[in-house]
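1. Fold the following and give me the result.
(one chain, ligands or ions: 1)
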Amino acid sequence: MNIKDFSIERYFAKYEFTAKYLLSSSDCDGFPMQYVLDLASNEERKSWETLKLGYTETRGSLALRKAITQHYQHITADNILVSSPGEANFALMNVLLQKEDEVICMSPMYQSLYQVAISIGCKLVFWQAEKQNNQWYFDPSRLESLVTPKTKLIITNFPHNPTGYSPDAEDWDAIIGIARKNGIALFSDEMYRFLSHNSSNDTRSACDLYENAISLWGTAKTFGLAGLRLGWLTSRNTDILHKVEAFKDYLSICNNAPSEVLATIALNNQAKFVEPNIQKISKNLELFKSFCERNAYFLDFPLPNSGSTAFVQLKIKETAMEFAEKLVRDTGIMILPSETFDYGTKHTRIGFGRENFAEILGVFEQYIHR
Ligand SMILES: Cc1ncc(COP(=O)(O)O)c(C=O)c1O
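-> Here you go, the predicted model:
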């Protein structure tokens, strides 16, 4: 199989663990393991202390799948497959898609969500982000205009990485309606679910709204537990989940046992993770708003309404990649240029989930003034 490098991840590989400051990370700071363990019920603590490090159940432990069901309306333990998110995406695309299939996905978008389909030989059709009233927007009527009789799959990601856009209930119903009316499967990446800093966002999962939707969620973003490397596919179409489970036998086979216990505790205590994360994101967003007001000549900042990121335009002569490379060399600040999203050369992602955001912004401001 031939697959292009994952540009975002390659760029992070270059700087994430060497740059002094990370201004573009999409995850919130990782919680300490002890924070998770302190929330454990007696039974969960016992599971942790007596855990045996043998193989685990391919689709995920029953305790974890039960903890996951609480966050959906129509999902039972049989409608869940636990896996790392990247693996889930890779396996799902491989069981759903074949050469020549038409697939609609958003642009910009997290690369693996379209690159795997390209490597299978599918024809990709991009649903482009637009700017409206100083916000990014994905217009459902544009999506509808892209559907053809050959469309096999629609891929969405809300809250959206990188723009931080999420539809309201009316638009989300319209998107689901387009998939249903045309009999098209919907893959909904909901990795940033519940990181909502505006009450008009719709947090209903696609798998609860449409019987032919497959949703993806995980611990990395919403919970600040990226190091667990865990996520899950949820769908009322169990046939698809069974096929993904069989495909997984060629990949990891089963999940990491300690991570499953920690994820179960986190899912049973969701607010303890989501609330501090939203507080941090909201505080950093306000700081960034004032920064952009002071430096409007340098940046255009379409306001996000959800998630932990924004996608801003750099009003500079050089390319975003050239600027990013210079910035990290001169200051130790890593930003993620839009070239890594296959989205031109003038944007960068900003991440709001880090405690040292104010400090990084201070160094950044001094630099651009110089
Ligand atoms: C939209 C989206 N989907 C999936 C993932 C993968 O999640 P994980 O890092 O937990 O594998 C990411 C990570 O950045 C993401 O932004």
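
2. Skipping adjacent residues, who's closest to residue 212 in space?
-> residue 185 (5.1 Å; CB to CB, 6 or more residues apart in numbering). For the C-beta atoms, the positions are set from N, CA and C on the backbone; glycine is no exception.

3. Would you list the phi and psi of the one you found?
-> phi -70, psi 150 (degrees, to the nearest 10).

4. That one - how many residues pack around it?
-> By other CB atoms under 10 Å, 21 other residues sit near residue 185.

5. I'd say it and residue 153 touch.
-> Yes - with contact defined as CB atoms under 8 Å, residue 185 reaches residue 153; the gap is 5.1 Å.

6. any common contacting residues for these two?
-> Common neighbours of residue 185 and residue 153, using CB atoms under 8 Å, 6 or more residues apart in numbering, are residue 96.

7. show me the contacts for residue 121.
-> Neighbour list for residue 121: 98-100 [criterion: CB under 8 Å, 6+ apart].

8. Out of these, the closest to residue 207 would be?
-> residue 98 (23.0 Å; CB to CB).

9. Point out the other helices and strands that the helix or strand encompassing residue 313 packs with.
-> According to DSSP states H and E, residue 313 maps onto strand 309-314. Counting contacts by 3 or more CB pairs under 8 Å, 6 or more residues apart in numbering; DSSP states H and E, strand 309-314 is packed against helix 271-294, strand 299-300, strand 347-351.

10. how far off helix 271-294 does it point, in degrees?
-> 10 degrees (axes from the mean of the first three to the mean of the last three CA atoms, to 10 degrees).

11. quick one: contacts for whatever residue of the stretch 251-370 of the chain ends up closest to the ligand?
-> As assessed by CB to the nearest ligand atom, the ligand sits closest to residue 309 within the stretch 251-370 of the chain, at 8.3 Å. Counting by CB under 8 Å, 6+ apart, residue 309 makes contact with 24, 26, 161-164, 349-352.

12. now, which of these lie close to the ligand?
-> 26, 161 (CB under 6 Å from any ligand atom).

13. Columns neighbour count and pLDDT on top of the contacts of residue 309, output as a markdown table?
-> Putting these into a markdown table (neighbours: other CB atoms under 10 Å; pLDDT from 0 to 100) gives the following:
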| residue | neighbour count | pLDDT |
| --- | --- | --- |
| 24 | 26 | 98 |
| 26 | 24 | 98 |
| 161 | 26 | 98 |
| 162 | 31 | 98 |
| 163 | 30 | 98 |
| 164 | 30 | 97 |
| 349 | 26 | 98 |
| 350 | 28 | 98 |
| 351 | 25 | 98 |
| 352 | 27 | 98 |
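
14. what's the domain layout of the protein?
-> 7-32+272-369, 52-267 (automatic domain parsing).

15. and the shortest one, how far out from the chain's middle?
-> In this case it means domain 7-32+272-369. Relative to its parent chain, domain 7-32+272-369 has a centroid offset of 16 Å by CA atoms, centre = their mean, to the nearest Å.

16. Same check on stretch 360-370?
-> Counting by CA atoms, centre = their mean, stretch 360-370 comes out at 28 Å from the chain centroid.

17. likewise stretch 218-231?
-> 10 Å.

18. what's that stretch in contact with?
-> 26-31, 36, 82-85, 88, 191-195, 216-217, 232, 255-256, 259-260, 262-263, 266, 270, 273-274, 276-277, 307-308, 353.

19. Tell me the buried residues in it?
-> The neighbour-count check on stretch 218-231 (16 or more other CB atoms under 10 Å) flags 218-226, 228-231 as buried.

20. Could you list which of these also contact the ligand?
-> Okay, of the buried residues of stretch 218-231 touching the ligand (CB under 6 Å from any ligand atom), that's 218, 220, 226, 231.

21. I'd like those as a markdown table, with secondary structure and pLDDT appended.
-> Shown next, in a markdown table, are these (DSSP: H, G, I helix; E, B strand; the rest coil; pLDDT from 0 to 100):
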| residue | secondary structure | pLDDT |
| --- | --- | --- |
| 218 | strand | 98 |
| 220 | coil | 98 |
| 226 | helix | 98 |
| 231 | strand | 98 |
